[in-house]
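*Asks:* sequence and computational prediction follow.
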Amino acid sequence: MLGLTFWKQTLGIEHIGRDTSLAVVDRRRVLRRRFGALLVIAAIFAAVAVALGSPVVGLTVYLAATVPLIFFSS
């Protein structure tokens, strides 16, 4: 049990499913980083768009960027 808890905390994932190969875990980690980068870029773009007077475009871009994070965050 201690080993399982250690791997969950080390890999940064909440639930390890039945497929626990390192390639799958690495792919999930890369995907999480890409979604994080996409979210940060979208937040910056949304802030700039709102500051320039186009809040609808800014919020639309931000919401569109958060959709992949909502669907694929598990």
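*Replies:* Received, thanks.
*Asks:* check which residues of the helix or strand encompassing residue 35 are buried.
*Replies:* Assigned by DSSP states H and E, residue 35 falls within helix 22-51. By 16 or more other C-beta atoms under 10 Å, the buried positions in helix 22-51 come out as 25, 28, 35, 42, 46, 49. C-beta: built from backbone N, CA, C; applies to glycine.
*Asks:* ok, now which ones touch the fifth one?
*Replies:* If I follow you right, that is residue 46. 58, 59, 61, 62 (C-beta atoms under 8 Å, 6 or more residues apart in numbering).
*Asks:* and the nearest residue to residue 35 once chain neighbours are set aside, what helix or strand is that in?
*Replies:* The spatially closest residue to residue 35, leaving aside those adjacent along the chain, is residue 69, at 5.0 Å (C-beta to C-beta, 6 or more residues apart in numbering). According to DSSP H and E, residue 69 maps onto helix 55-71.
*Asks:* tell me what angle that helix forms with helix 22-51.
*Replies:* 160 degrees (axes from the mean of the first three to the mean of the last three C-alpha atoms, to 10 degrees).
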